[in-house]
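S.K.: Here is a sequence with its predicted model. Questions after.
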Amino acid sequence: MFVETLIQRLACGDTFLFEPELVSPGWEKNFVESLATQLSSGNTLTEKQAALSIRLLKKYQNTLEVFFKTKIDLDNPVFAHPFRKLHIEKTITVRNGTIQVKFPYDEEIIKSIQNFVSEAAVVPEQVYTSSITKSYIGAWNHEDKAWTFSLREETVLWLGSNLLSKNFTADATFLEWYNTINGIIDDANEYAITAVKTNSGFEFRNASDKIPGLDTDNVVEFLYHAKNYGVSIWDELIATNLQKTACSPVTTTLLNASGIVYIDSRAYGLENFKDLLLFGGPTLIVIPGGSEIKHTEAWHKYASSIGIENRDIAVMFRTPNQDNGGFNAYVKENELNNNIHDTTKIVFVSTKIPKPLVKSGIVFNTVINLGYYNNMHFSMNILLTSPANIVYYNDKKPQGATICLPPN
């Protein structure tokens, strides 16, 4: 009698569905039911499963012999099908327009893949993670018993960089893509637009005429100017120059980051924003409701202390007249109710973007969000995601943001 038949009887599976239970609830019942389900779906036993099955069947041998009315020789078991061999190879293959990764169970590799998928699925512009995006990037395929990834440059690079060193074997197509992408990255350092230090100052290499230069001997000012035009690569002379400059951690983080930067307001005061306000403008400061007078007064006074004049600051909102914070009076007394003009450096808004601001055509290079997260109008959402410098300055870190590490 086949071992597979005996397993199905213990599990009351297949043709034995309505037979009396032989195994009490517990791990034994769960085990045989799992094997029975596996067999019913067309998967054969592994050698290890077979050995465990024989041990369990011997425990119920007498009961099974009574049921089948025959002697059962479990010392010389007979199996209906050859053992299923577990997949022990580690492979990366391109299949049907996707990348398929197979390997024996390895908790460390699985965790690293899950972390990669989660991080790649984060959309900083929306500050949320989409499960749909996750499945698009990569997911476990139960049918193929493999991880399946979409064809993306970032995915090819990650898989090649993190799995090939763990004895994974990749097919020729994947290796061609991986080597090609790496070659492009290496060549990009030679042909990419780069900020360079010269005897006369700073300039751009490989740049089009549409990117203007800047006559300055201040490396921080030039690098903010470069970032505003999407240039994030600089030569070793600039790197050395920057190291010798007494930059705040905020400046250092922003110059080296792309996307959202989170700065903990409990760790850093406004004095750390001097370079950003002087060189990263025009700047939009978004103030959450309920803290209008507190934030506006603090930022206005600091801006004034570093030489930004009232006429170059515009407060584009008001609070109800009955408020007792004195916000409207403060704006009027300091002549901050200005229109947008060519030299405007700082603009304050609250929960929405006013029409005069949109009509002005001003382009912000920097947004400092002081805590406005939820229920954003699409126009506010665009302004909070498009500039070169996007800063969240409060006590709540948004997902996917680069963190300005707190001082020691």
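M.R.: Sure, I can see it.

S.K.: low-confidence ranges in the stretch 1-150 of the chain?
M.R.: Within the stretch 1-150 of the chain, the segments meeting pLDDT under 70 span 86-88, 121-133, 135.

S.K.: before we move on, what about the stretch 301-408 of the chain?
M.R.: Using pLDDT under 70, the flagged stretches of the stretch 301-408 of the chain are 321-325, 372-385, 408.

S.K.: can you map out the helices along it?
M.R.: Assigned by DSSP state H, counting those that start in this stretch, the helices in the stretch 301-408 of the chain fall at 327-333, 355-360, 378-383.

S.K.: Can you spell out which helices and strands pack onto the first one?
M.R.: I take that to be helix 327-333. Applying 3 or more CB pairs under 8 Å, 6 or more residues apart in numbering; DSSP states H and E, one finds that helix 327-333 contacts helix 292-305. Using the backbone N, CA and C atoms, a C-beta is placed for each residue, glycine as well.

S.K.: same thing but at 10 Å, please
M.R.: Applying 3 or more CB pairs under 10 Å, 6 or more residues apart in numbering; DSSP states H and E, we find helix 327-333 packed against helix 292-305, strand 313-315.

S.K.: Check which helix or strand the residue minimising distance to the centre of the chain maps to.
M.R.: In the chain, the centroid-proximal residue (CA atoms, centre = their mean) is Glu119; its distance is 2.9 Å. Element membership for Glu119 (DSSP states H and E) is helix 107-121.

S.K.: Tell me the helices and strands packed up against that helix.
M.R.: strand 128-129, helix 131-137, strand 138-141, strand 146-149, helix 153-163.

S.K.: That one: which residues count as buried?
M.R.: Ile109, Ile113, Phe116, Val117, Ala120, Ala121 (16 or more other CB atoms under 10 Å).

S.K.: will you turn those residues into CSV that also has distance to Ile362?
M.R.: Shown next, in CSV, are the buried residues of helix 107-121 (distance: CB to CB, whole Å):
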residue, distance to Ile362
Ile109, 49
Ile113, 44
Phe116, 39
Val117, 39
Ala120, 34
Ala121, 33
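
S.K.: any idea which of the residues you listed is closest to Ser24?
M.R.: Ile109 (37.6 Å; CB to CB).

S.K.: Distance check, the residue nearest to Ala298 when sequence neighbours are not counted against Gln61.
M.R.: In this structure, Ala298 finds its nearest non-sequential neighbour in Leu270, 6.5 Å apart by CB to CB, 6 or more residues apart in numbering. Between Leu270 and Gln61 the distance is 80 Å, computed by CB to CB, to the nearest Å.
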